[in-house]
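A.B. asks: return a 3D structure for these sequence lines:
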Amino acid sequence: MSTSINKNFTPLSLLKFAMPSIIMMILMSLYTITDGIFISRYIGSNALSSLNIVFPVINIVIAIATMLGTGGNAIISKYLGEGKKEAANECLTLFVAVSILLSIFILTFTLIFLTPISCFLGANDILLSDCRKYLGYSIIFAPACMLQAIFQSYFVTAGKPTLGLVLTMSAGITNVILDYVFIARLDLGIKGAALATGIGQCIPAVVGLVFFIFAKNNLHFTKITLRFRELGMACYNGSSEMVTQLSNAIVTFLFNIVLMKIAGEKGVAAITILLYGQFLFNAFYLGFSIGISPIVGFQYGAKAKDKLKNIYKVSFIFVAVSSVVLTIMALILTTPIMTIFTNDKETFELAAPAFRIFAIGFLFSGLNITSSGFFTALSNGKISAIISFCRTLVFTVISLLFLPQLLGINGAWIAIPVAEFITLIMTVPMHLKYFIRKNNSNYFAY
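C.D. replies: Model prediction:
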């Protein structure tokens, strides 16, 4: 494993190394997107709106897993780079145990307060029943959801990115098949979508537990050791990625409130489709960041500054070029993308022009996500958290609260592109300080 991450990378070889993580993240995002497609086409736009209204709870589960996965990954890979294998194994064990306990707490709390949570998130009398069904069934699988997300990072560090990819693909295929069976054939409605997703998540969760129990010659579970310092560092390092997911929950909540007021249930359905597009695009770069994280962490721990500098250059050149390409593709393919998601004329007429505005943000978000992820891999949780917090929460919330007041519904569509652009401007001085200018803070300086 150390050999594969201890070399000079070209853009192609770096992309090849990160590709399993990219595909895993995309497939994980497709779980919810697949649910949305089946729900929209077989149940209706109101059911799609219901899914989006309660999804912030699922975002919280994913947020905690992402924090412990990416933040813990930086610590584990750093220990491996320093040759401290036993410490790496103990950290792995502790982080997984904590994630399971937290997921059980969230599951219990949500089931007890199912109706109040649904109403708080914006469910009205028309949507409440479907909100309760989707959230009630999906939250049962919170431990599997969290384990799948956390193992996604740890499989890469264990030198088994292909295994993680195969498991995620298996989960995704299972989800699609069960969506069709439960929704289209058995007519289980929105609860069928929740069951399909949850059962799919169980595959990588269970196999991941088995792998790390028996992989004695690799990164593996050991006795639980209360390493509170490392746990705190994992939470701190991964706080930026956690903020991203928590911010998704808050922003989704605000979008639902704003669009419900401006355009009703159809407006919520339209923003759901737009957020799916963003979810899929951002998954590509979050997967890329997760994929290169072990390389960055290893070289940082090994103090190989020349190799670390090369990884930085290659990473950001790739992200800048690919962001332009993917944005152009999104604009060209707007109509077929919207057609996949809905056959409701009113929803389509809202979503199609909105997506062309919304897609402008794709030019900037890849660079912002990779910047945050790079700082996380360097165990600089402070800078990483600042980038994520401003990008996904502060600037987005401010834009969403004020732009619709000035521009109406178009203000809602442009809120995220504006937030992404402001964030990119903000990250420039950070890159100058830590990666470009010669000073004591530069990670590449000797």
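A.B. asks: could you use CA atoms for every contact and neighbour count after this?
C.D. replies: OK.
A.B. asks: pLDDT below threshold where in this protein?
C.D. replies: For the chain, applying pLDDT under 70 flags the ranges 1-8, 31-32, 240-241, 244, 446.
A.B. asks: give me the distance between the residue most central in space within it and G277.
C.D. replies: Of all residues in the chain, the one closest to the mean position by C-alpha atoms, centre = their mean is A283, 5.8 Å from it. In this view, A283 and G277 are 10 Å apart by C-alpha to C-alpha, to the nearest Å.
A.B. asks: now swap in I190 and tell me
C.D. replies: Counting by C-alpha to C-alpha, the separation of I190 from G277 is 21 Å.
A.B. asks: equivalent analysis for P204, please.
C.D. replies: Here the distance between P204 and G277 works out to 24 Å (C-alpha to C-alpha).
A.B. asks: of these two, who's got more company?
C.D. replies: For P204 versus G277, neighbours defined as other C-alpha atoms under 10 Å are more numerous around P204 (26 against 22).
A.B. asks: list the buried residues of the strand or helix carrying the more buried one.
C.D. replies: Following DSSP states H and E, the helix or strand that holds P204 is helix 190-214. Using 16 or more other C-alpha atoms under 10 Å as the burial criterion, the residues of helix 190-214 that qualify are 190-205, 207-209, 211-212.
A.B. asks: check stretch 128-143 too.
C.D. replies: Neighbour-count burial for stretch 128-143, counted by 16+ other C-alpha under 10 Å, picks out 128-143.
A.B. asks: beyond the top helix by length along the chain, next helix or strand please.
C.D. replies: Among the elements of the chain assigned as helix by DSSP state H, the one spanning the most residues is helix 239-302. Following helix 239-302 in sequence order, the next helix or strand is helix 305-332 (DSSP H and E).
A.B. asks: so that following helix versus helix 239-302, what angle?
C.D. replies: Here the directions of helix 305-332 and helix 239-302 differ by 150 degrees (axes from the mean of the first three to the mean of the last three C-alpha atoms, to 10 degrees).
A.B. asks: packing partners of helix 305-332?
C.D. replies: helix 11-42, helix 239-302, helix 345-358, helix 362-377 (3 or more C-alpha pairs under 8 Å, 6 or more residues apart in numbering; DSSP states H and E).
A.B. asks: neighbours of N310, how many?
C.D. replies: Residues lying near N310 (other C-alpha under 10 Å) number 15.
A.B. asks: ok, back up a step: which elements pack onto the helix holding P204?
C.D. replies: Helices and strands touching helix 190-214, as assessed by 3+ C-alpha pairs under 8 Å, 6+ apart, comprise helix 11-42, helix 128-138, helix 142-157, helix 161-179.
A.B. asks: quick check: next helix or strand after it?
C.D. replies: On the C-terminal side of helix 190-214, the closest following helix or strand by DSSP H and E is helix 228-237.
A.B. asks: list the buried ones in the host helix or strand of P116?
C.D. replies: When secondary structure is defined by DSSP H and E, P116 falls within helix 114-120. Buried residues in helix 114-120, counting neighbours by 16+ other C-alpha under 10 Å, are found at L114, T115, I117, S118, C119.
A.B. asks: tell me the contacts of the third one?
C.D. replies: So the one you mean is I117. For I117, the set of contacting residues under the criterion of C-alpha atoms under 8 Å, 6 or more residues apart in numbering consists of T110.
A.B. asks: skipping its backbone neighbours, what lies nearest S50 in space?
C.D. replies: Counting by C-alpha to C-alpha, 6 or more residues apart in numbering, the nearest residue to S50 once its immediate chain neighbours are dropped is C131, at 4.9 Å.
A.B. asks: wait, I meant F362
C.D. replies: Nearest residue to F362, sequence neighbours excluded (C-alpha to C-alpha, 6+ apart): T327, at 5.7 Å.
A.B. asks: next: L326.
C.D. replies: Using C-alpha to C-alpha, 6+ apart and skipping the chain neighbours, the partner closest in space to L326 is F362 (7.7 Å).
A.B. asks: for that neighbour, give its distance to K85.
C.D. replies: Computed with C-alpha to C-alpha, the distance linking F362 and K85 is 39 Å.
A.B. asks: those two: which has the busier surroundings?
C.D. replies: The neighbour comparison of F362 against K85 (other C-alpha under 10 Å) goes to F362, with 24 against 18.
A.B. asks: V96 is in contact with L231, correct?
C.D. replies: No. Shown here, L231 and V96 do not form a contact pair, counting by C-alpha atoms under 8 Å, at 10.8 Å.
A.B. asks: of the two, which one has the most company?
C.D. replies: Remark: of L231 and V96, V96 carries more neighbours, 22 against 19, as counted by other C-alpha under 10 Å.
A.B. asks: so how far is L163 from the more buried one?
C.D. replies: 18 Å.
A.B. asks: same deal with V98?
C.D. replies: Taking C-alpha to C-alpha as the criterion, V98 is separated from L163 by 23 Å.
A.B. asks: do the same with A354
C.D. replies: The spacing between A354 and L163, counted by C-alpha to C-alpha, is 38 Å.
A.B. asks: also F281?
C.D. replies: F281 sits 23 Å away from L163, going by C-alpha to C-alpha.
A.B. asks: of those two, who's got more company?
C.D. replies: Ranked by neighbour count (other C-alpha under 10 Å), F281 and L163 place F281 first, with 21 against 18.
A.B. asks: so who does the closest residue to the more buried one other than its chain neighbours touch?
C.D. replies: For F281, the nearest residue in space outside its immediate sequence neighbours is F362; the separation is 7.3 Å by C-alpha to C-alpha, 6+ apart. With contact taken as C-alpha under 8 Å, 6+ apart, F362 is in contact with Q278, F281, S323, V324, L326, T327, P417.
A.B. asks: quick one, which of the residues you listed are buried?
C.D. replies: Neighbour counting by 16+ other C-alpha under 10 Å classes Q278, F281, S323, V324, T327, P417 among the contacts of F362 as buried.
A.B. asks: nearest to T339 among the residues you listed?
C.D. replies: When those are compared for distance to T339 (C-alpha to C-alpha), Q278 comes out closest, at 16.5 Å.
A.B. asks: in TSV: the contacts of F362, plus distance to T347.
C.D. replies: Formatted as TSV, the entries for these read as follows, by distance: C-alpha to C-alpha, whole Å:
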residue	distance to T347
Q278	18
F281	21
S323	27
V324	28
L326	24
T327	22
P417	21
